[in-house]
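Enquirer: Mind looking at a prediction? Sequence and model below.
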Amino acid sequence: MTKKRIYLAPMVGRTDQHFRSFIRILSKNIHLYTEMITCDAFLHTGRSEYKINNYEHPITIQLAGFDPKKFMQCSKIIEEQGFNEININIGCPSNKVIKGQFGACLMNHPEHVAEIVTEIKNSCSLPVSIKTRLGLDYDENLDLLKDFIYKTSNAGCTRFFLHARNAILKGISTKKNRNIPALRYDDAFKIKTEFPHLSIILNGGITTMDEIINYSDLFDGVMIGRKIYDDPMFLLNIENKIFNSSLIYDKRIILKKYLEYALTQINLGANKYFLFKHLFGLYYKTDFSKKWKKFLNMIIREEINILRMPFFEEMIYEKKI
């Protein structure tokens, strides 16, 4: 099987450095994404908070904002920090984002987004990609998206991540925007057919290996978010069946590797909640899941001393938690 491009979707509150480090234990091939960060926030804290480790590559940072000049400022720093790509968020439908005049509402302003792309391209050598939706509100006509892709690709964007739903800007929550608008994979494929020279990555609702295999043949790759977060061991299937890796990981090996990372972070002052909340799905849909979550909560509340590594390993091995 030829090598396919698989991407971890950017998820606010989820794809932080700790989760990315956990994912790298499970997969050496998936392309990582940061959480979405606004240009203003990045310029304020980015140099210190968005440092990456060498093992995280390949990794893309996702930026959101309105001012092209701020994208330009961010891009210079991002290149210095070693990221592999800059992605522009043109898909988020939250009220806060809309008030800031960025995210999905910028689909209505392709010339402005093209200016953002131009500023990034002129300020650094990194590739630029865009994550967006099929359209806005309840209009399923693809003309808006086609015009958007045409103008922004002419400015230098060659990769588009299509969340195969519309973005509803008013009347429903951000959470419901991830489920209520119907998935339209056929319409996403029409875009790939219309722009064969561009890299088009499919995103949205992909949860099975069959879907990954089928859609990564039709598109230039797939992006997966919640399935991986909820069931991180699913990545081992991806490694074995997509990338032909021979990884056969025992959960104890995975945990030992992550605990080595976690202990280093704890010594640097990291919060245990942010370190261990990403592990809740490790025993996804197993009889052990409830006990596992209870055990993690005990670690977070410091009822168990995580420094007692042999005790931890014994509990996992015997499943006495």
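Expert: Received the coordinates, thanks.
Enquirer: Was I right to think Ser216 contacts Ile238?
Expert: No. Contact criterion Cβ atoms under 8 Å: Ser216 and Ile238 do not qualify, at 10.3 Å. No exception for glycine: its C-beta is placed from N, CA and C like everyone else's.
Enquirer: Could you pull out the residues contacting both of those two?
Expert: Ile6 (Cβ atoms under 8 Å, 6 or more residues apart in numbering).
Enquirer: element containing Lys131, please.
Expert: According to DSSP states H and E, Lys131 maps onto strand 128-136.
Enquirer: Enumerate the positions of the helix or strand following that strand that are buried.
Expert: Note on strand 128-136: by DSSP H and E, the next helix or strand toward the C-terminus is helix 143-154. For helix 143-154, burial by neighbour count (16 or more other Cβ atoms under 10 Å) applies to 144-145, 148-149, 151-153.
Enquirer: Helix 143-154: how far from the chain's middle?
Expert: Mean C-alpha position of helix 143-154 versus that of the full chain (Cα atoms, centre = their mean, to the nearest Å) differs by 23 Å.
Enquirer: when you give positions from now on, start the count at 31
Expert: Renumbered: residue one is now 31, and that last one reads helix 173-184.
Enquirer: ok, then the element right after that helix?
Expert: strand 189-197.
Enquirer: Would you map the helices across the chain?
Expert: 47-56, 69-79, 98-111, 125-129, 140-153, 173-184, 215-224, 239-248, 256-260, 264-271, 281-297, 302-306, 319-330, 339-348 (DSSP state H).
Enquirer: Helix 69-79 and the third one, what's the angle between them?
Expert: This means helix 98-111. Our comparison of helix 98-111 with helix 69-79, counting by axes from the mean of the first three to the mean of the last three Cα atoms, to 10 degrees, yields an angle of 20 degrees.
Enquirer: before we move on, what about the first one?
Expert: Orientation check (the same axes, to 10 degrees): helix 47-56 against helix 69-79 gives 60 degrees.
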